[in-house]
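Visitor: got a predicted structure plus its sequence, pasted below:
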Amino acid sequence: MPLNTQTIGYRDGDTELTGLLAWDDSRDQQCPGVLVVHGGAGLDNHAKGRALRLAEHGFVVFACDMYGNGVAGNRERVMARIMELRNDRATLCKRARAGIKVLAEQPRVDGRIAAVGYCFGGMTVLELARSGMELAGVMSVHGSLVTSLPAQPDLVKAKILVCHGALDPHVPMTHVSAFVEEMNRARADWQLIVYGGATHGFTHETEHLVPGVAYHAQADARSATAIETFFIEIFDTNLNANQKIGR
């Protein structure tokens, strides 16, 4: 698979950002674009790896940077940036939209765009949906479901898929129930899959020291299949054969 990658510098106001663009160079025709939003650690190997897997399906993929240059790898700066964005959902969405703008400007993208987020990124893509952004769909994988700005009726335009670990102590079932009620009130087009035995961060294969965060191979594989099915639905297209988004 002749995948190409390109590091792209871009800006959100005064904040300098750096993301990774990936695409299948063997495809001549335009195709949908997919934004990948990283977890709490920043734009790391997990987010980049997921972007490459999506590009193998024939999408143009941009793994965006939500924190800014010089933040990832510095725990103090990372935690400060997470709190800043969590407490200001407008700024959070604006930062993600800067990445979508980069993706939308790629000549290989046919105008259809979806967003996939993991952990912190899952919260981010759900906030994009709540804000009414015109996206084909958003997928939150072990992301936070609570919000300070609940979706308003008929405002959500994107289809929504949430993949959640049943034993996630950071996003308990009370949050899940509140999310279901919120989406129903908003009359959104949504679906939720809960994976038994899985905790938080179930797609991250590296060892975790944070309690309640652990890799779960079965949930990772099942959520990858769910994402593939969701892409087929929202883009009305078949994915490249013999490629898997997950493992």
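Guide: Now that the structure is in, tell me what you want to look at. Numbers count the residues shown, from 1 in each chain.

Visitor: export the host helix or strand of Glu181 as PDB, just CAs?
Guide: Taking DSSP states H and E as the criterion, Glu181 maps to helix 173-186. What follows is helix 173-186, C-alpha atoms only, in PDB (Å, rounded to 0.1, in the frame of the first residue of the first chain):
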ATOM      1  CA  MET A 173     -22.800   4.500  33.400                       C
ATOM      2  CA  THR A 174     -24.500   7.500  35.000                       C
ATOM      3  CA  HIS A 175     -22.700   9.600  32.300                       C
ATOM      4  CA  VAL A 176     -23.700   7.100  29.700                       C
ATOM      5  CA  SER A 177     -27.400   7.400  30.700                       C
ATOM      6  CA  ALA A 178     -27.200  11.200  30.700                       C
ATOM      7  CA  PHE A 179     -25.700  11.100  27.200                       C
ATOM      8  CA  VAL A 180     -28.500   8.900  26.000                       C
ATOM      9  CA  GLU A 181     -31.100  11.200  27.400                       C
ATOM     10  CA  GLU A 182     -29.300  14.200  25.900                       C
ATOM     11  CA  MET A 183     -29.100  12.700  22.400                       C
ATOM     12  CA  ASN A 184     -32.800  11.700  22.600                       C
ATOM     13  CA  ARG A 185     -33.800  15.200  23.600                       C
ATOM     14  CA  ALA A 186     -31.700  16.600  20.700                       C
END
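
Visitor: now what about it, what contacts it?
Guide: Under the criterion C-beta atoms under 8 Å, 6 or more residues apart in numbering, residues 130, 144-147, 150-156, 160, 162, 164, 166, 190, 192, 194 lie in contact with helix 173-186. Any C-beta I mention is one placed from the backbone N, CA and C, and that applies to glycine too.

Visitor: average pLDDT across the helix or strand just after it?
Guide: Downstream of helix 173-186, the first helix or strand assigned by DSSP H and E is strand 190-195. Here strand 190-195 scores 98 as its mean pLDDT.

Visitor: does the residue lying farthest from the centre of the chain count as helix, strand or coil?
Guide: Most distant from the centre of the chain: Asp28, at 26.2 Å, with distances by C-alpha atoms, centre = their mean. At Asp28 the chain is in coil, as set by DSSP: H, G, I helix; E, B strand; the rest coil.

Visitor: and it, what pLDDT?
Guide: Residue-level pLDDT assigned to Asp28 equals 82.

Visitor: how far is the helix holding Glu181 from where the chain is centred?
Guide: Its chain's C-alpha centre and that of helix 173-186 lie 19 Å apart, by C-alpha atoms, centre = their mean, to the nearest Å.

Visitor: kindly report the same for stretch 142-151.
Guide: The answer for stretch 142-151 is 14 Å, by C-alpha atoms, centre = their mean.
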